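>>> kindly generate the corresponding structure for this input.
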Amino acid sequence: MTDTYIAKVPTNIAFLKYWGKSNEREQWPANDSLSMTLDLYTETLVQVWEGPEHCFSFAGLELPPDAPFAQKPLMYLDFLGKNLGFKEKLFIRSHNDFPASCGIASSASGLGALTLSALACWTRSDSFEALEEKGYTRGAIASLARYGSGSACRSFWGGFVRWYRGVSVDQQTVSQIFPATHWALRDRIVILSAERKSLSSTDGHKLAWTSPLFAKRLAVLEERGKRIEDALARKDLSRLGPLLEEEALEMHEVMKQSRPPCVYLGEDTHRFLDTLRKVRQQEHLACYFTLDAGPNVHLIYEEKDSRNVDPLTKGLRYLDVGVGAGPQLSCKQR
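Next up is the predicted model:
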């Protein structure tokens, strides 16, 4: 047995959405995005092993290389090793503390954790400080993770994070704009379906440019991003909430108008949103929604209003999480 390198990387929920790419090969987004890091994690344990190929296990089940769920991480790991000059094969064990592939950004935490744990193992680094000494700053690791999943780059900081598109592929950057302690927001993720998405986000991104609404969307995002960031700075949910809803619905309308249509929202989603709107109006509930590329609803509200949100989700399955503090790295010696 060799040393085991353990990475815990959080998922995130985008307030200003990442949808569509200007350069697919380089993972260059069509616009800036802004997210809240969540207190939900993928934990990935990695060891060097003597097998002829990488070995990948998820949720306790070893997957063959051609299994649909294993193909993307293994292809990405090969890409990473080839481009960085690492030849050792790895044994990877990974699991989430939330459902995968149903619109809760599991690719962000999953590919982020794979990047961090693999680099730690290959370089024999047990901390971010040790990785930085070997030339892998947090920003550099986030940039590498972007090649596995674009939104993974935002998961390398806690709190509220912005991915700046920049004017070229080489000028995009990611940085924390507010720490996790800035604002005690909650995200109650109402799981209306835990089924695997029929169309992956990767495939959905490719369709964005086919939508007649996409160019119009890009034209308003810079201003909307400023308004979202200003509402976060002021900790003003009455300003932030409507912006989140406008942004989420607009993204899904772009998806719906793509060719072919990319539809993630089902009847249960629309029914729940109708209920939320009615309850919010009747009870003056300070609770707003956003949506990822999936049918599940993220309810955003302040921690002090948690009890007021409870009746809305009674009888439903949900995850109730706060703002995440960012990734963790450790080593268990043999």
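
>>> what about Asp187, is that helix, strand or coil?
In three-state terms, and counting by DSSP: H, G, I helix; E, B strand; the rest coil, Asp187 is strand.

>>> what sits against it?
13, 36, 38, 298-300, 320-322 (CB atoms under 8 Å, 6 or more residues apart in numbering). The way it works is simple: take the backbone N, C-alpha and C, and place the C-beta from them, glycine included.

>>> widest-spaced pair of those residues?
Pairwise distances across the contacts of Asp187 peak at 14.2 Å for Met36 and Asp320 (criterion: CB to CB).

>>> what about Leu45, neighbour count?
Residues lying near Leu45 (other CB atoms under 10 Å) number 19.

>>> which neighbouring elements make contact with the helix or strand containing it?
Applying DSSP states H and E as the criterion places Leu45 in strand 33-49. Counting contacts by 3 or more CB pairs under 8 Å, 6 or more residues apart in numbering; DSSP states H and E, strand 33-49 is packed against strand 4-16, strand 89-96, helix 106-123, strand 160-164, strand 185-190, helix 214-234, strand 318-322.

>>> closest one to Thr202 among those?
Checked against CB to CB, the stretch from those lying closest is helix 106-123, at 8.1 Å.

>>> run the angle between the closest one and strand 33-49 for me.
Taking axes from the mean of the first three to the mean of the last three CA atoms, to 10 degrees, one finds helix 106-123 and strand 33-49 inclined to each other by 40 degrees.

>>> run a quick neighbour tally on the closest residue to Glu303 other than its chain neighbours.
Leaving aside its chain neighbours, Glu303 sits nearest to Ala184 (4.1 Å; criterion: CB to CB, 6 or more residues apart in numbering). Residues contacting Ala184 under the criterion other CB under 10 Å number 12.

>>> over to Thr313?
By other CB under 10 Å, neighbour count at Thr313 equals 17.

>>> against Arg280, how distant is it?
Relative to Arg280, Thr313 is positioned 13 Å away (CB to CB, to the nearest Å).

>>> what's the first helix or strand after the worst-scoring helix or strand of the chain on mean pLDDT?
When the helices and strands of the chain are scored by mean pLDDT, DSSP states H and E, strand 61-63 comes last with a mean of 81. Later in the chain than strand 61-63, the nearest helix or strand by DSSP H and E is helix 68-84.

>>> show me the contact partners of that following helix.
53-54, 56, 58, 63-65, 86-88, 90, 92, 94, 100-101, 107, 110-111, 114-115, 118-119, 122, 144, 147-148, 202.

>>> need the buried ones from those residues selected in PyMOL.
With 16 or more other CB atoms under 10 Å as the burial test, the buried ones among those are selected in PyMOL as follows:
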select buried, resi 54+56+58+63+86+90+92+94+100+101+107+110+111+114+115+118+119+122+144+147+148
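
>>> give me whichever of the helices and strands packed on strand 33-49 is most buried.
A comparison of the helices and strands packed on strand 33-49 by mean neighbour count, using mean count of other CB atoms under 10 Å, puts helix 106-123 on top with a mean of 27.

>>> quick one: average confidence on that one?
Per-residue pLDDT over helix 106-123 has a mean of 96.

>>> show me what the following helix or strand past it is packed up against.
Going down the chain from helix 106-123, the next helix or strand is helix 128-133, by DSSP H and E. Helix 128-133 sits against helix 106-123, helix 138-148, with contacts defined as 3+ CB pairs under 8 Å, 6+ apart.
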